[in-house]
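In: sequence first, predicted model second:
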Protein chains: 2
Amino acid sequence: MEIEKQEIEKRMAHFETICRKRGIKMTQQRVLIYREVACSGDHPDAEKIFQRVRERLPTVSLDTVYRTLWLLNDLGLIKTLGLGRERSRFEANLSGHHHFVCDQCGIIRDFYSTELDNFTLPDAVVDSQGKIKTTHFEVHGVCPNCVAEKTPQNSSYQ
Amino acid sequence: MEIEKQEIEKRMAHFETICRKRGIKMTQQRVLIYREVACSGDHPDAEKIFQRVRERLPTVSLDTVYRTLWLLNDLGLIKTLGLGRERSRFEANLSGHHHFVCDQCGIIRDFYSTELDNFTLPDAVVDSQGKIKTTHFEVHGVCPNCVAEKTPQNSSYQ
DNA sequence: TTTAATGCAAAAGATTTGCAACATG
DNA sequence: CATGTTGCAAATCTTTTGCATTAAA
């Protein structure tokens, strides 16, 4: 699943715009690292991005890749899958449910919705993606606590 | 958000059933670790579970907590939030989209659905959970590749 | 030329493993 | 009692940081 050339151009242009606007230097490393993510349809991890960038720029270091990825993330140019910088979290609730994640304090609350459970994906999606086993809706936002207080519940969370 | 006593009893009973059936020893540590997750409504990470279990069993060690959590996960008694054992993965696709995750080979594919984008959560959910910013649907299953081949594309993925 | 960014090496953090001692069934 | 499980300590793996050097604007 490769990204279209035109889309990549668009992304690179946006990258440049944001860097200019924020006074972020467009280094060789940053351009290559961003381009690598922009070109990848497979949601790579830091190590994989490092390996791929190194093919073009053998002197690049892994710590630069990490620094750059989080910078790009903070700039809103890329996104993280899963829990981002957080470690794995666990739950014993096995009944089908969904999650509300507070982006401010990190709290995750379960909620139930039969509408969501019964939601049927378009055939096109089912056919192209494969055999579906479970579905899960994730809502991101700000929890009532953090909405009320100006200071987030847990300020260490980012 | 505490779990009801009755629900916890039910979970503990299920835990016991599975252990019996699979010939897994019900050690003090496993009971306490499972109970801790079963009682927690806050989706704790390994370290937090370790701290809480240690209050009741000061000699428990962090590596036992890790071993037990993954065991419970493999037994289907608990679930992981986020990417599980995997590291953070990144994407540059900023347009609203959803993910199909193949549980067999780990591939993650984007898909689009205006129905999902326009899906409005019940008011009750919105009110109790807070201010909503983004939503994301995650579908788990087996990708066409893995359905076709008996052997998964990437057998190292678990 | 000024300031920020990189690469290196080392530190820190998180998770896993080998193994002797121990507890469970 | 036999075997699987634990705790410890050490190893491993991943990510971050301090600092002198280098490169971008």
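Out: Great, that's in hand.
In: which elements pack onto the lengthiest helix in chain A?
Out: In chain A, with assignment by DSSP state H, the single longest helix is helix A:5-22. In terms of contacts (3 or more CB pairs under 8 Å, 6 or more residues apart in numbering or on different chains; DSSP states H and E), helix A:5-22 is packed against helix A:28-39. C-betas here are computed from N, CA, C, even on glycine.
In: mind redoing it with 10 Å?
Out: helix A:28-39, helix A:62-74 (3 or more CB pairs under 10 Å, 6 or more residues apart in numbering or on different chains; DSSP states H and E).
In: just the C-alphas of it, formatted as PDB.
Out: This file holds the C-alpha atoms of helix A:5-22, laid out as PDB (Å, rounded to 0.1, in the frame of the first residue of the first chain):
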ATOM      1  CA  LYS A   5       3.400  10.700  -5.400                       C
ATOM      2  CA  GLN A   6       1.000  13.700  -5.400                       C
ATOM      3  CA  GLU A   7       0.000  13.100  -1.800                       C
ATOM      4  CA  ILE A   8       3.700  12.800  -0.800                       C
ATOM      5  CA  GLU A   9       4.400  16.200  -2.400                       C
ATOM      6  CA  LYS A  10       1.600  17.700  -0.500                       C
ATOM      7  CA  ARG A  11       2.800  16.300   2.700                       C
ATOM      8  CA  MET A  12       6.400  17.500   2.100                       C
ATOM      9  CA  ALA A  13       5.000  21.000   1.300                       C
ATOM     10  CA  HIS A  14       3.000  21.000   4.500                       C
ATOM     11  CA  PHE A  15       6.100  19.900   6.400                       C
ATOM     12  CA  GLU A  16       8.100  22.800   5.000                       C
ATOM     13  CA  THR A  17       5.300  25.300   5.800                       C
ATOM     14  CA  ILE A  18       5.100  24.200   9.400                       C
ATOM     15  CA  CYS A  19       8.900  24.200   9.900                       C
ATOM     16  CA  ARG A  20       9.100  27.700   8.400                       C
ATOM     17  CA  LYS A  21       6.300  29.000  10.500                       C
ATOM     18  CA  ARG A  22       7.700  27.600  13.700                       C
END
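In: which residues touch that helix?
Out: With contacts defined as CB atoms under 10 Å, 6 or more residues apart in numbering or on different chains, helix A:5-22 is touched by A:2-4, A:24-27, A:30-31, A:34-35, A:37-39, A:71-72, A:74-78, B:92-95.
In: following element in sequence after the lowest-mean-pLDDT helix or strand in chain A, please.
Out: Sorting the helices and strands of chain A by mean pLDDT, DSSP states H and E puts helix A:123-129 at the bottom, at a mean of 70. Next along the chain after helix A:123-129, taking DSSP states H and E as the criterion, comes strand A:131-142.
In: and the most centrally placed residue in chain A, what element?
Out: In chain A, the residue lying closest to the centroid (CA atoms, centre = their mean) is residue A:80, at 2.1 Å. Following DSSP H and E, one finds residue A:80 within strand A:79-81.
In: distance between that strand and the chain's centre?
Out: Relative to its parent chain, strand A:79-81 has a centroid offset of 1 Å by CA atoms, centre = their mean, to the nearest Å.
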